[in-house]
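>>> Need the 3D shape of this:
(chains A, B, C and D)
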Protein chains: 2
Amino acid sequence: MSEAFQVLAEPARRQILDLLRERPRLVGELTERLGLPQPSTSKHLKALREAGLVRVGRDGTRRWYRLCPEPLRAIDRWLAPYRRMWESSFAALERHLDSMPDDDDDPPAKEPT
Amino acid sequence: MSEAFQVLAEPARRQILDLLRERPRLVGELTERLGLPQPSTSKHLKALREAGLVRVGRDGTRRWYRLCPEPLRAIDRWLAPYRRMWESSFAALERHLDSMPDDDDDPPAKEPT
DNA sequence: CGAGTATATGCTTGCAAGAGAATATATTTG
DNA sequence: CAAATATATTCTCTTGCAAGCATATACTCG
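Next up is the predicted model:
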């Protein structure tokens, strides 16, 4: 699962998956939407392929990429036991605990994406 | 969210979170359970802190680390639209498509962890 | 204050990975 | 075969860790 997390850490790659969620796409299509140079797109797609997150099909000179959600499913399964932490009735208590001051040397930085 | 994915790509850090899911723990406790040198544990904890995945509380010379699930929640939200892909009635069709041979230059490697 | 315990930080090294530019490969068309 | 199109690969450079070891800081107790 480490590889999936690693690959998903790149915003462009999550963007690709988001686009492929709608329907299969050509490399050129993705390149255009992402505003990246084509070689970059190809390299991201290679990473996604090696992680089993997408699959390719050739059609002459073009290649259709389509989503392959299995690795996401694995992540989802890992996440499951945590999900109950914010779905349970303890949510209110947790929010209370989280609002309590504790010494945090590294305040979580606000991240744009 | 990129930072959370990045941090979770390390198996030891996911292990730490799994231990903290049960209850808050001391650094020494985590170090022992993970079988890592203590400085490594501290460094992993620092990464988790900076990603907002854990919080610390001091008690004299000891530090209690506890889970902070918010960033996981963000990942869960990103995952949500994909979840329906394997929960829907299309699951059977997708399994069929996935079983079809397509030209895959990089067959997904079997990963131990 | 001095010693012991719990935790964090600094430094070095090796490696994986991202950006960017250039180029290679494969396929279709004329 | 030549040219055009779609996509992949290679190279160089730079940056970001992670491992491992040594050391620093902080707190407690006698």
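>>> And stretch A:74-81, what's buried?
Of the residues in stretch A:74-81, A:Ile75, A:Asp76, A:Trp78, A:Leu79 count as buried by neighbour count, 16 or more other C-beta atoms under 10 Å in any protein chain shown. For glycine as for every other residue, the C-beta is placed from the backbone atoms N, C-alpha and C.
>>> Around DNA strand D, pick out the residues from chain A.
For chain A, the residues in contact with DNA strand D (C-beta under 7 Å from any atom of the strand) are A:26-28, A:31, A:38-39, A:41-43, A:45-46, A:56, A:61-63.
>>> Give me the lowest-pLDDT entry from the residues you listed.
Lowest pLDDT among those: A:Thr61, with 92.
>>> now the helix or strand hosting A:Arg84 against helix B:70-87, angle please.
A:Arg84 belongs to helix A:70-87 when assigned by DSSP states H and E. Helix A:70-87 runs at 130 degrees relative to helix B:70-87, counting by axes from the mean of the first three to the mean of the last three C-alpha atoms, to 10 degrees.
>>> Could you report the neighbour count for A:Gly60?
With neighbours defined by other C-beta atoms under 10 Å in any protein chain shown, the count for A:Gly60 comes to 5.
>>> And the helix holding A:Arg84, what does it pack against?
In terms of contacts (3 or more C-beta pairs under 8 Å, 6 or more residues apart in numbering or on different chains; DSSP states H and E), helix A:70-87 is packed against helix A:2-8, helix A:91-99, helix B:11-22, helix B:70-87.
>>> hmm, who's touching that helix?
A:1, A:3-5, A:8, A:51-53, A:91, A:94, B:14, B:17, B:21, B:67, B:69, B:72-73, B:75-76, B:79, B:82-83, B:86, B:98 (C-beta atoms under 8 Å, 6 or more residues apart in numbering or on different chains).
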